[in-house]
Every structure is written in C-alpha cells, then in structure tokens.
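Engineer: got a structure for you, letters missing:
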C-alpha cells in the first residue's frame, strides 16, 4: 500500500492529507456551533492556523518523549541517540495527547490575547476536536500502524510483513484499533452535540470540554489493553496512565462544578 503521491516532484503523504481534512471539517463544525450560540464564526478560521501548528508541534513532542517500545534502542529513547531525527516529522510519529495539549494551550493564549472566553471556545471546539481525531485515526490505517493484538475476527485487518512488529512476522491479521478509536470519537462527537443542545441551560462554560475528556480518556484507556506497541515510561504504559489521570481529574472537576455549593460573599 502506497503512503502518498507525487505533485510536481514532491511527495504528499496520505497521513498529512487526512490530518488536514480532519482539521478543516472540525473547523466547519466549530463554526456551525459558534453560529448556533450567536458567536462570530469567523473567529474559528482566524485561530485555526495557530491551533493546527501548536497541535502538530505538541503531537510531535509527545511522540519524541514517549516513543513506542518498538522504536527503543536497547531500552533507550532513540531520539536521545539521534536527536536530529526528532525534526524528521515526515518519517511519522505524532501523539494525540500532545496534539490536544498543544492545541488547548494555543487556544488559551489566543483567547487571552483577543479577550474572548476560553471556556466558551473550548466547548465550541470540543465536538470538532473529536471529529478530527476520528478522521485522523484513518492515517494509522494508511500507514499500517497502531494496530492491536493478533485476531481472527471477520473485521481484522491485514498488515504487510514490512509493518509487522518483531515477534509477529508470521501473523497476518490484527485488531483494527484505529477503527475502534475512530468510532469511539464519532460517538463522543455525537454525545457532545446532543448534550450541548439538550442541556444548554444546565451546563456551565467548560463542561462540554470536560465531558469530551472523560469520554475520550475512558475509551482510550480500554483500547490500550489491546494495543501491541505501547509507550513505556518507567515500566508504565504512559498513554494509559495519562488517561487515568485525565479521567479522574475531569470527573472530579465536573462534579465539583455542579455539586459544591458556592458560599455567597457577605459585605
């Protein structure tokens, strides 16, 4: 399976095209959500380049600092041995946790600079973010990466020998974890869109983003159990560990915002 095509002698990778399609469709969805809230939808197109660049940088940094086990050289992070390889983003290697963190940080800085509500905008963007993740995961299918355990299920995917991990050279079919996560993200998007409408009078600014984090982290935590090539840090699956932390903090934050009574100030 080819991973790209040539335009005027330059190779365009399908993974990059898929990411850009996901980002643009996410922006359209966010613009629609802004209009529904009677907020200027043009703001999303102004902030999109900043969020996209920050997201890619964050995704790359997360990968560089938490490479999968298959990349380790005698247990050592390969980027410590060949640091310039960290710049070779065209060779692949992006981490969704870093993309979310980078994008959210850029959004916060943008909102502060423009003096607009960060919590409102993070809610507006949340459904689109889930959509972008759902689309972006198909880049893993094109690259034949981030697949799961060997499987004989009818929907198991074939992996070319060149893309099989050490110890699995004779195994042809695997769990399509990219598909599971893509579907989970689509469900997350639908949930956020429904809640944003049905509970508009009960939700506080920032609640939808917390719900996004709760839903995504729960699904990603479960999927890490069937992924072969996880990212180990100090003996832990760092992505799965992070998902536990995110889930607990997000649930706690959501409950605290709605269950803890604020004591009114007295003169």
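Structural biologist: On my side now, so go ahead. Since we're looking at a predicted model, the values are computed, not measured. Numbering: from 1, shown residues only.
Engineer: show me where this protein has its strands.
Structural biologist: Counting by DSSP state E, one finds strands in the chain at the ranges 4-7, 10-13, 157-158, 173-174, 232-233, 236-237.
Engineer: out of the ones you listed, deepest packed?
Structural biologist: Neighbour counts (mean count of other Cβ atoms under 10 Å) averaged over each of the strands of the chain peak at strand 173-174, with a mean of 18. The way it works is simple: take the backbone N, C-alpha and C, and place the C-beta from them, glycine included.
Engineer: coming back round to it: need the strands of the chain in CSV with distance to residue 210 and mean pLDDT, can you?
Structural biologist: As requested, these are arranged in CSV below (distance: least, Cβ to Cβ, whole Å; pLDDT from 0 to 100):
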stretch, distance to residue 210, mean pLDDT
strand 4-7, 38, 71
strand 10-13, 34, 74
strand 157-158, 33, 96
strand 173-174, 33, 96
strand 232-233, 26, 88
strand 236-237, 24, 92
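Engineer: quick one: closest of these to residue 211.
Structural biologist: Closest to residue 211 of the strands of the chain is strand 236-237 (Cβ to Cβ; 24.3 Å).
Engineer: what pairs with that closest one, and is each one parallel or antiparallel?
Structural biologist: Within its sheet, and counting by DSSP bridges, strand 236-237 is paired with strand 232-233 (antiparallel).
Engineer: so where is the stretch 151-267 of the chain shaky, pLDDT-wise?
Structural biologist: Applying pLDDT under 70 to the stretch 151-267 of the chain picks out residues 261-267.
Engineer: re earlier: who wins for proximity to residue 219 among the strands of the chain?
Structural biologist: Go through the strands of the chain one by one with Cβ to Cβ and the one that ends up closest to residue 219 is strand 236-237, at 15.1 Å.
Engineer: check the offset of the closest one from the chain's centre.
Structural biologist: Distance of strand 236-237 from its chain centroid, counting by Cα atoms, centre = their mean, to the nearest Å, is 18 Å.
Engineer: for the residue nearest the centre of the chain, which non-adjacent residue is closest in space?
Structural biologist: Closest residue to the average C-alpha location of the chain: residue 96 at 3.5 Å, with Cα atoms, centre = their mean. Closest residue to residue 96 apart from its sequence neighbours, by Cβ to Cβ, 6 or more residues apart in numbering: residue 133 at 6.3 Å.
Engineer: from residue 173, how far off is that neighbour?
Structural biologist: From residue 133 across to residue 173, the span is 25 Å (Cβ to Cβ, to the nearest Å).
Engineer: can you check residue 132 too?
Structural biologist: For residue 132, the distance to residue 173 - Cβ to Cβ - is 28 Å.
Engineer: before we move on, back to that, and of the strands of the chain, who's closest to residue 25?
Structural biologist: Scanning these with Cβ to Cβ as the criterion, the closest one proves to be strand 10-13, at 18.5 Å.
Engineer: contacting residues around the closest one?
Structural biologist: 3-6, 90 (Cβ atoms under 8 Å, 6 or more residues apart in numbering).
Engineer: shaky segments in the stretch 1-150 of the chain?
Structural biologist: In the predicted model, the stretch 1-150 of the chain carries pLDDT under 70 at residues 1-2, 4, 8.
Engineer: the helices in it, which residues?
Structural biologist: Ranges of helices within the stretch 1-150 of the chain are 14-36, 42-65, 78-81, 96-114, 118-136, 138-143, based on DSSP state H, counting those that start in this stretch.
Engineer: most tightly surrounded among those?
Structural biologist: Sort the helices of the stretch 1-150 of the chain by mean neighbour count, taking mean count of other Cβ under 10 Å, and helix 118-136 sits at the top with a mean of 24.
Engineer: and that one, what does it pack onto?
Structural biologist: The contact analysis (3 or more Cβ pairs under 8 Å, 6 or more residues apart in numbering; DSSP states H and E) places helix 118-136 against helix 14-36, helix 42-65, helix 96-114, helix 177-198, helix 207-223.
Engineer: could you dump these to CSV with distance to residue 76?
Structural biologist: Rendered in CSV, the data for these read as follows (distance: least, Cβ to Cβ, whole Å):
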stretch, distance to residue 76
helix 14-36, 26
helix 42-65, 13
helix 96-114, 20
helix 177-198, 26
helix 207-223, 26
